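In: coordinates only, no sequence provided:
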């Protein structure tokens, strides 16, 4: 019988068993831990995101909310409509962060992988239903780069054209420089605008002449004013046309009154003549005196009318109709 | 030499298959076999366990520090644990364990088989091989599996402490990364690779010695020959696994 103290196989048994058991436990525990870490024991709800392009999305990648992972991509497939269908498992304990109004984005940065992010504006909104299908908005920094670079290239080319020695901008600056130099000269801004000092002098001379002309026009205007005053005086002043006309009308009234008186007398005489028609001879004496008086009145009226016509040259109708 | 390579490889393959079949047969595990296997496991694993755990902890701490600081410099600190788990746990620790066990125990087994062969003990068939070397091979293979499990555990613990300290609040992030890295396919590939390493470390030195020249002066060459065979196989297996995982 071997000595147990000397036989290594007898002492090695428990140690070997301990090593084997420990290893088996470690392996089993690790498998269990990985299953736990992969969410195998968690109750989850399914969320389906539909993206135009699923590049960069991998199974196992996280869906983050405020930087914290709240879901994990379980499956990616090309849907019948040609879009990428990303199926995500969201643990029920994290589902509260995703609401019906949540927005999902797929971002690809220059460094690192793609990121799926969720944004929830209203945490009081209805919860996201099981199996909800949502579109993914894309935020791709790299995709915009080619366009950005092309735009920058065009911009730089334009800038290069603008800053070239024979560019329009340079020519404009040279013109502005010439202009400012001229403006700084004796002719001032006018010389700058008109191109030379000679032209500026011409303009100044023209202005002087215009000033002189204006002064003389002012004198003419003053004289005209005087003439108008005189004309006014002549028409409306004492002894003017209106005054004379008023006098003439007064005279005319008096003459007409005289004529009316004369005609009344004639009427009375004619009545008398009718009464004394029997004695024609007596009547002929009276008729001779009457006729002389009527003629005298007529002459006065005629003279008066002539005078009016002379003083009132615009009157057309010079005929005096007698009754 | 090159002409004999395929023949030796074929002989080694047949030998390995026979050994594996014997190891998987329950009837093999008689009391003496169990005792011998346990002794070999003790020699290969238990005896080196403190030093091995310390080496794994130091290696893990160094690598996690290097990876984390570099990743932080590039603004990719979120990928530190991912990279560490893939590099250290999935690749370095199994390879390190296989090399350690093969150098410590595989070389000794190869030398012993070469001596037995020179002495003519193996002339009567494979029974002495089965009685003496199979338990030792089983012990060596079990040592590879055990040390790999312990080494990976130590490396993962060191990674947690190195990245998050002793705070429990890093656990969620840690668990997510571990869950992401160790996908079912990765786990299966890892298990297959470690099993292959264990078989290779147990079988190759013996197969190399059995197929080697039968002369006393060739005995010292048996161990290096076996080790070279193991290194080549490990390198091929590692390259194949990486190609499968990342290509």
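Out: Nice, thanks for sending it over. Here the structure is a predicted model, which is why all the values come from computation and not from measurement.

In: rest of the way, CA atoms for contacts and neighbours
Out: Noted.

In: in the longest helix seen in chain A, what counts as buried?
Out: Longest among the helix segments of chain A by residue count, using DSSP state H, is helix A:197-236. The neighbour-count check on helix A:197-236 (16 or more other C-alpha atoms under 10 Å in any protein chain shown) flags A:197, A:200 as buried.

In: then stretch B:71-91?
Out: Neighbour-count burial for stretch B:71-91 [16+ other C-alpha under 10 Å]: B:71, B:77, B:80, B:81, B:82, B:83, B:84, B:85, B:88, B:89, B:90, B:91.

In: out of the residues you listed, which sit inside strands?
Out: Using DSSP state E, no member of the buried residues of stretch B:71-91 falls in strands.

In: what's the average pLDDT for the longest helix of chain A?
Out: For helix A:197-236, the mean pLDDT works out to 86.

In: of all the buried residues of stretch B:71-91, which two lie farthest apart?
Out: B:77 and B:91 (20.9 Å; C-alpha to C-alpha).

In: list the residues that contact residue A:183.
Out: Shown in contact with residue A:183 (C-alpha atoms under 8 Å, 6 or more residues apart in numbering or on different chains): A:189, A:190, A:191, A:192.

In: most neighbours among those, please name it.
Out: When neighbours are counted by other C-alpha atoms under 10 Å in any protein chain shown, residue A:191 leads the contacts of residue A:183 with 22 neighbours.

In: chain center to the strand or helix carrying it: distance?
Out: Under the criterion of DSSP states H and E, residue A:191 resides in helix A:188-194. On the basis of C-alpha atoms, centre = their mean, to the nearest Å, helix A:188-194 sits 34 Å off its chain's mean C-alpha point.

In: could you list every helix and strand that that helix packs against?
Out: helix A:168-183, helix A:197-236 (3 or more C-alpha pairs under 8 Å, 6 or more residues apart in numbering or on different chains; DSSP states H and E).

In: what number of residues lie near residue B:53?
Out: 18.

In: how about it, what does it touch?
Out: B:150, B:151, B:154.

In: would you mark the buried spots in whichever strand or helix holds it?
Out: Residue B:53 is located in helix B:49-73, with elements delineated by DSSP H and E. Buried residues in helix B:49-73, defined by neighbour count with 16+ other C-alpha under 10 Å: B:49, B:52-53, B:56-57, B:59-61, B:63-65, B:67-68, B:71.

In: just give the closest residue to the residue of the stretch 51-200 of chain A at minimum distance from chain B, not the sequence neighbours.
Out: Nearest residue of the stretch 51-200 of chain A to chain B: residue A:60, at 5.6 Å (C-alpha to the nearest C-alpha). For residue A:60, ignoring the flanking residues on the chain, the nearest one in space by C-alpha to C-alpha, 6 or more residues apart in numbering or on different chains is residue A:73 at 5.0 Å.

In: where are the low-confidence patches of chain A?
Out: A:1-12, A:110-112, A:139-144, A:187, A:276-286, A:311-323 (pLDDT under 70).

In: let me know the secondary structure of residue A:80.
Out: coil (DSSP: H, G, I helix; E, B strand; the rest coil).

In: got phi/psi on it?
Out: phi -60, psi -30 (degrees, to the nearest 10).

In: burial measure for it, as a count.
Out: Residues near residue A:80, counting by other C-alpha under 10 Å: 8.

In: so how far is residue A:50 from it?
Out: Separation of residue A:80 from residue A:50 (C-alpha to C-alpha, to the nearest Å): 11 Å.

In: before we move on, back to that, from the buried residues of stretch B:71-91, which shows the smallest pLDDT?
Out: residue B:77 (81).

In: please name the nearest non-neighbouring residue to that one.
Out: Nearest to residue B:77 is residue B:71, by C-alpha to C-alpha, 6+ apart, at 4.9 Å.

In: the contacts of residue B:53 in helices, which ones?
Out: B:150, B:151, B:154.

In: for the second one, list the residues it contacts.
Out: Residues in contact with residue B:151, defined by C-alpha under 8 Å, 6+ apart, are B:52, B:53, B:56, B:93, B:97.

In: near chain A, which residues of chain B show up?
Out: Within chain B, the positions near chain A by C-alpha under 8 Å from any C-alpha of the partner chain are B:35-36, B:38-39, B:41-42, B:45-46, B:76, B:142, B:145-147, B:149-150, B:153, B:175-176, B:178-180, B:182.

In: and these, which are buried?
Out: B:35-36, B:38-39, B:41-42, B:45-46, B:142, B:145-147, B:149-150, B:153, B:175-176, B:178-180, B:182.

In: and the strands in the stretch 51-200 of chain A?
Out: Secondary structure of the stretch 51-200 of chain A (DSSP state E, counting those that start in this stretch): strands at A:62-65, A:68-78, A:84-91, A:103-108, A:114-119, A:132-140.

In: nearest to residue B:134, of the ones you listed?
Out: Taking C-alpha to C-alpha, strand A:68-78 is the member of the strands of the stretch 51-200 of chain A nearest to residue B:134, at 45.0 Å.

In: run a quick neighbour tally on the residue nearest to residue A:127 when sequence neighbours are not counted.
Out: Using C-alpha to C-alpha, 6+ apart and skipping residues adjacent in sequence, the residue nearest residue A:127 is residue A:99, 4.4 Å away. Neighbour count for residue A:99, taken as other C-alpha under 10 Å: 20.

In: about what we covered before: can I get the buried residues of stretch B:71-91 in TSV with distance to residue B:117?
Out: Shown next, in TSV, are these (distance: C-alpha to C-alpha, whole Å):
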residue	distance to residue B:117
B:71	54
B:77	56
B:80	51
B:81	49
B:82	49
B:83	47
B:84	45
B:85	44
B:88	40
B:89	39
B:90	38
B:91	36
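
In: tell me which of those residues is nearest to residue A:26?
Out: Nearest member of the buried residues of stretch B:71-91 to residue A:26, counting by C-alpha to C-alpha, is residue B:89, at 13.8 Å.

In: tell me the contacts of that closest one?
Out: Contacts of residue B:89 (C-alpha under 8 Å, 6+ apart): B:152, B:155, B:156.

In: next one: phi and psi at the last one?
Out: Backbone dihedrals for residue B:156, given as degrees, to the nearest 10, come out at phi -70, psi -40.

In: that one and chain A, how far apart?
Out: Noted for residue B:156: a distance of 10 Å to chain A, by C-alpha to the nearest C-alpha, to the nearest Å.
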